[in-house]
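**Student:** could you look at this predicted model? Sequence included:
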Amino acid sequence: MPSAEIAARTTAPTELVIGGETFRLEEHKPVSFARREVDVCFVFDTTFSMVDKIEGLVDCMNALVRDLARLALAWRLTTVPFGDLLVPGDRVVLDQPFVIDVDAAAEQLRTMPHFSGGGNLGESAVEAMLAACAKSYRPRAVKVFVLVTDEPAHGHVEGDRAVHDALTALDAACFTVTPDLDYYRRWAENHGGEWRQVAAAVDTSAILALFASLLTRLVEVADAVHRIGGGSVRAYLERGIEGSTP
């Protein structure tokens with residue numbers, strides 16, 4: 001879905017102030033105003049136990065895009081699939097492109113590389129989140145991360161603060177669908193998002209309900225960050241409206 005533009009024509013040179021910015025309108029020349037931007041990054045554990053959850057998220061993509069369009073949010077979507085860096089062959093995938101239509105988004109989610117994860121407890125969620133924060137985002141976009149994993153994070157003792165600092169530096173919102181672990185909850189609750197317990201999704205209908213609820217909140221928060229925070233998650237939180245709905 002490319003960013004829509006609104007063309008304005010004037011009969012005489014003048015100035016128009018929108019959102020604190022001054023635009024000079026020249027006679028008979030169109031002036032474009034970009035729609036409110038949202039960049040969404042799904043940081044997804046793609047080891048064997050997560051296959052059903054990938055399909056559940058794909059099934060919810062149409063609703064996500066419909067809600068983004070309803071609120072005139074110009075969105076892009078990308079993914080960071082990951083496994084367990086302690087296991088030979090597993091990796092964090094850094095080169096997935098941004099896409100801008102629902103079919104491409106569903107296809108990218110459905111075709112993410114899968115990893116074994118090994119037989120140990122834990123995956124490389126810290127490294128994946130830091131890699132996600134290093135991707136190239138639009139300067140004026142609200143950045144929204146969605147971490148999905150059913151395992152603890154290796155290196156979370158050292159990595160907890162690093163992820164927090166990276167999200168803060170990027171002024172990003174974060175949602176987590178994870179086991180009930182303090183650091184996963186903090187990444188969401190301290191950065192304008194929400195936490196969901198992945199263990200609650202035990203069958204297809206539960207998975208669909210889980211992601212439907214999560215994605216609805218994602219769109220609501222992205223919209224509120226633009227409306228109330230002027231595009232800044234930090235300003236949104238400072239106004240004391242974390243968890244509010246439009």
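**Tutor:** Cool, got the structure.
**Student:** which other helices and strands contact the helix or strand encompassing A235?
**Tutor:** If you go by DSSP states H and E, A235 is part of helix 233-238. Secondary-structure packing of helix 233-238 (3 or more CB pairs under 8 Å, 6 or more residues apart in numbering; DSSP states H and E): helix 204-229. For glycine as for every other residue, the C-beta is placed from the backbone atoms N, C-alpha and C.
**Student:** swap in 10 Å and give it another go.
**Tutor:** Secondary structure elements in contact with helix 233-238, counted by 3 or more CB pairs under 10 Å, 6 or more residues apart in numbering; DSSP states H and E, are strand 142-148, helix 156-170, strand 173-178, helix 204-229.
**Student:** mean confidence for it?
**Tutor:** Averaged across helix 233-238, the pLDDT comes to 94.
**Student:** outline the domain layout of this structure.
**Tutor:** 1-34, 36-238 (automatic domain parsing).
**Student:** if we can go back for a sec, turn the helices and strands packed on helix 233-238 into a markdown table, including distance to M112, mean neighbour count and mean pLDDT.
**Tutor:** A markdown table is the format used below for the helices and strands packed on helix 233-238 (distance: least, CB to CB, whole Å; neighbours: other CB atoms under 10 Å; pLDDT from 0 to 100):
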| stretch | distance to M112 | mean neighbour count | mean pLDDT |
| --- | --- | --- | --- |
| strand 142-148 | 11 | 26 | 97 |
| helix 156-170 | 21 | 16 | 95 |
| strand 173-178 | 15 | 27 | 97 |
| helix 204-229 | 15 | 19 | 93 |
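**Student:** what's the closest of these to L71?
**Tutor:** helix 204-229 (4.7 Å; CB to CB).
**Student:** okay then, goodbye and thanks.
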